[in-house]
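# please find the sequence and the predicted model below.
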Amino acid sequence: MTTADVRETNRRVIRQFRAGGEVDGMHRERLVLLTTTGRTTGEPRTVPMMYHRDGTRLLVVASNIGAPRHPDWYLNLIADPRVTVEVDGATFEAEALPLLGADYVRMWTELETRYPFFADHQAKARQAKRVIPIVELSEED
């Protein structure tokens, strides 16, 4: 799939998600729209992705399908952790906080068990000496 194909797919998914209906080829109940601020452009950048709930926490994984580099959305939120989240019919401002230490290890183990494809992504990423980040989207007060 080319970059242009990915962008068009993302635009379609975002449109369908915001319209409130089915999202072709995806599980709507597992999707979140994450809007970051472009680190070089300063423009809003919205991407659809799978999320995972850990109790009340909302988590996303910067797997980039195991690519050697982090996805752009992750690099954006490292530069500016203030993000907008659209999930379950709600939109809210949040702070994006990468998990660290024992919390990261526990969550990665749970994610690999629940979603075995993440183990494949991590194996690919490790070849490039990249650890896949897990990010908590913490609603701002």
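Received the coordinates, thanks. Numbers count the residues shown, from 1 in each chain.

# can you list the low-confidence ranges for this protein?
1 (pLDDT under 70).

# try 50
Along the chain, segments meeting pLDDT under 50 are nowhere present.

# which strand in it runs the most residues?
strand 90-98 (DSSP state E).

# neighbouring strands - and their directions - for that strand?
Strand pairing for strand 90-98, determined by DSSP bridges: strand 82-87 (antiparallel), strand 134-139 (antiparallel).

# how about CSV for those, with mean neighbour count and distance to residue 40 added?
(Each C-beta comes from the backbone N, C-alpha and C, glycine too.) Shown next, in CSV, are the strands paired with strand 90-98 (neighbours: other Cβ atoms under 10 Å; distance: least, Cβ to Cβ, whole Å):
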stretch, mean neighbour count, distance to residue 40
strand 82-87, 19, 17
strand 134-139, 19, 20
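
# okay if I get those strands as a markdown table plus distance to residue 22?
Listed next are the strands paired with strand 90-98 as a markdown table, based on distance: least, Cβ to Cβ, whole Å:
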| stretch | distance to residue 22 |
| --- | --- |
| strand 82-87 | 16 |
| strand 134-139 | 24 |
